[in-house]
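J.: compute the structure for the input listed below.
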Amino acid sequence: GTSDRGVLVLSADRTWHLLGTDEGLGDLCILSICRDFRDRIWVGTRKGGISLLTGSWTVR
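T.: Residues are numbered from 1 along each chain as shown. Reported below is the predicted structural model:
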């Protein structure tokens with residue numbers, strides 16, 4: 001996570017992807033990232049609440 005640019009994700013083919021508000025994140029300021037017991041990735045933001053990253057790197 002970053003302080004003002006979103007989440008940087010490394011894909012299986014070893015390429016980097018920057019996820020931001022255009023991809024559905026509530027805010028670009030990332031405060032926390034957590035993996036749950038189902039291997040889902042949750043992202044906590046400063047002003048946009050919590051976002052769930054899916055396997056296709058889209059955000060819900």
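J.: work out for me the element the residue nearest to Gly49 when sequence neighbours are not counted sits within.
T.: Among residues not flanking Gly49 along the chain, Gly26 sits closest, at 5.0 Å (CB to CB, 6 or more residues apart in numbering). All C-beta spots, glycine's among them, are computed from the backbone N, C-alpha and C. Using DSSP states H and E, Gly26 is not contained in any helix or strand.
J.: show me the contacts for Gly26.
T.: Neighbouring residues of Gly26 by CB atoms under 8 Å, 6 or more residues apart in numbering: 45, 47-51.
J.: quick check, Asp22 in a helix?
T.: Yes. Residue state for Asp22 (DSSP: H, G, I helix; E, B strand; the rest coil) corresponds to a helix.
J.: how about Gly20: what's its closest non-neighbour residue?
T.: Gly6 (3.6 Å).
J.: typo on my end, Leu10
T.: Trp16 (5.8 Å).
J.: Val7 is in contact with the one you found, correct?
T.: No. Using CB atoms under 8 Å, Trp16 is not in contact with Val7; the gap is 10.7 Å.
J.: who's more crowded, those two?
T.: Per other CB atoms under 10 Å, whichever of Trp16 and Val7 has more neighbours is Val7, with 22 against 8.
J.: which residues does the more buried one contact?
T.: By CB under 8 Å, 6+ apart, the neighbours of Val7 are 1, 18-20, 25, 30, 33, 43, 53.
J.: roughly how far apart are Thr45 and Ser32?
T.: Using CB to CB, to the nearest Å, Thr45 is found at 9 Å from Ser32.
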